[in-house]
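Undergrad: Compute the structure for the input listed below.
(one chain, ligands or ions: 2)
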Amino acid sequence: MQPDAVIFDLDGVITDTAHLHFVAWRQVAADIGINIDETFNQQLKGISRMGSLERILTFGGKDGQFSAAEKAALAARKNACYVDSLHSLTPQAVLPGIAELLPALREASIGIGLASVSLNAPAILRALGLADAFDFCADAARLTRSKPDPEIFLAACAGLGVRPERCIGVEDAQAGIDAINACGMIAVGIGASLNGAQLRLDDTAQLTWPRLHALWNQQRRATARCQ
Ligand code: B16
Ligand code: MG
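TA: Residues are numbered from 1 along each chain as shown. Ligands and ions are numbered 1, 2, ... in the order given. Here you go, the predicted structure:
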């Protein structure tokens, strides 16, 4: 028994661009008199660009002080700064274990999907040398609802032609774990302080196909016992 597909989040699972997002947001926030630090940045993991800006404005007590056009301009400035920093990204930035896991899944004929809310995901995959490693990448530009809504994981399942209950999802953010659970997939969480994952690992070095395979069989046996 094995899953039909494994669907991955990008930032925090395939590579770690959180610091690059932080540096770009810190600059834009400082320009409007808001100081953010790395601790606050944890709250922006897996949150869309505009969603992140809204959280920064709330944090800085500036809710309602900017028009939609001004917010769009702030988000565009942050993105320009972030995209510029992506030039430093190379295949060396792929997180430990991922370069081994992806071919192992392909070898086992398991679908490989991407469910990242980043509009820059295709450029990031190219920079990492992983453009051909995924069978389907959900298009963040078509999303109407953010994680924890399951929409992006359901879009990845549809693109791969698989049912969610036949898939494993891998995430580093609580909103992502909640999205995976909301569509009936099995959730693997990477990092501390994540609730609701059927398997939680400290880092991606522990994320191997034998481990995912064992998780799948264990969960299927548990489901069968309950029926
Ligand atoms: P962009 P993920 C997310 O990536 C990041 O974790 C989050 O910090 C960022 O705001 C979001 O992508 C949008 O990114 O501005 O490039 O569209 O974790 O969903 O892979
Ligand atoms: Mg993430």
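
Undergrad: Pull the contacting residues for the closest residue to ligand 2 within the chain.
TA: Distances between the chain and ligand 2 by CB to the ion are smallest at residue 12, namely 3.6 Å. Every residue, glycine included, has its C-beta placed from N, CA and C. Residues in contact with residue 12 (CB atoms under 8 Å, 6 or more residues apart in numbering) are 18, 45, 46, 171, 172, 173, 190, 191.

Undergrad: run the last query once more with 6 Å
TA: residue 172 (CB atoms under 6 Å, 6 or more residues apart in numbering).

Undergrad: how about the lowest-mean-pLDDT helix or strand in the chain: buried residues?
TA: One helix or strand of the chain scores below all others by mean pLDDT, DSSP states H and E: helix 209-226, with a mean of 89. Neighbour-count burial for helix 209-226 flags 209, 212, 213, 215, 216, 219 (criterion: 16 or more other CB atoms under 10 Å).

Undergrad: Now do it: everything it contacts.
TA: So helix 209-226 is contacted by 1, 3, 104, 168, 186, 199 (CB under 6 Å, 6+ apart).

Undergrad: Quick check: the gap between the first one and residue 217.
TA: Same thing as residue 1. 6 Å (CB to CB, to the nearest Å).

Undergrad: Give me the distance from the strand or helix carrying residue 112 to the chain's centre.
TA: Assessed by DSSP states H and E, residue 112 sits inside strand 111-114. Centre-to-centre, strand 111-114 and its host chain are 13 Å apart (CA atoms, centre = their mean, to the nearest Å).

Undergrad: Which elements pack onto it?
TA: Packing contacts for strand 111-114, counted by 3 or more CB pairs under 6 Å, 6 or more residues apart in numbering; DSSP states H and E, involve strand 5-8, helix 151-160.

Undergrad: Reformat those as a markdown table; add distance to residue 117, mean neighbour count and mean pLDDT.
TA: Compiled in a markdown table, those are given as follows (distance: least, CB to CB, whole Å; neighbours: other CB atoms under 10 Å; pLDDT from 0 to 100):
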| stretch | distance to residue 117 | mean neighbour count | mean pLDDT |
| --- | --- | --- | --- |
| strand 5-8 | 13 | 27 | 98 |
| helix 151-160 | 7 | 23 | 98 |
